[in-house]
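Trainee: Curious how this folds, go ahead:
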Amino acid sequence: MAFLKQAVLLVALAGACWARPDGAPAAACTMEPQHMVFEHDHAGPSTPYKLVQDKKEFNGGDTVTVTLAGHPFKGFFIRAFDENNKEIGQFETTGESKPVTECSAVTHTNNADKMTVQVLWKAPAGTQGQVHFRGTVVVNFHKYISDLQSTVA
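Mentor: Reported below is the predicted structural model:
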């Protein structure tokens, strides 16, 4: 009986240590991780992460490069919004990221430590305006920082 209790405890603890290795699911469009979290901070002036876009104005078909950088982190979720705070455009697949088409977002492709990632956002054809980005950084499986707002380089 003691062995069974130890085995159950070991499986539970091992599961709590694994981050999502292939990125966030579509359910994360809420900008909240879909796993057990013990610590959540909102981005502020002392946040050790920066979300920087190379331009704000766009025309249809333009690509905007967005860089997330800071202390080591395991994962991320970034969404794109127009000047009316409506979702807009799509992200392109890179080695470090994959799009989440359900909500004009992008997420990580692995749970290795990262200090910087670059993602590419593409404006829809026949549009023009301004775009900004919001992000969530998964520091580790149990801690994340939300409400990260982009700035222009």
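Trainee: centroid residue for the protein?
Mentor: Central residue of the chain (CA atoms, centre = their mean): residue 77, 1.4 Å from the mean position.
Trainee: Tell me the helices and strands packed up against whatever helix or strand residue 50 lives in.
Mentor: Assessed by DSSP states H and E, residue 50 sits inside strand 49-53. Judged by 3 or more CB pairs under 8 Å, 6 or more residues apart in numbering; DSSP states H and E, the packing partners of strand 49-53 are strand 63-73, strand 128-140, strand 143-149, strand 151-152. No exception for glycine: its C-beta is placed from N, CA and C like everyone else's.
Trainee: roughly how far out does the following helix or strand past that strand sit from the chain middle?
Mentor: Next along the chain after strand 49-53, taking DSSP H and E as the criterion, comes strand 57-59. Computed by CA atoms, centre = their mean, to the nearest Å, the chain-centroid distance of strand 57-59 equals 23 Å.
Trainee: Kindly report the same for stretch 113-132.
Mentor: 13 Å.
Trainee: Now do it: everything it contacts.
Mentor: 53, 56-74, 76, 78, 80-83, 88-92, 94, 96-97, 106, 108, 133, 149-150 (CB atoms under 8 Å, 6 or more residues apart in numbering).
Trainee: Show me the shaky parts of the protein.
Mentor: 1-28, 34-37 (pLDDT under 70).
Trainee: Could you count how many residues lie near the nearest residue to residue 39 once chain neighbours are set aside?
Mentor: Of all residues not flanking residue 39 in the chain, residue 143 sits nearest, at 4.1 Å (CB to CB, 6 or more residues apart in numbering). Around residue 143 there are 16 other residues, counting by other CB atoms under 10 Å.
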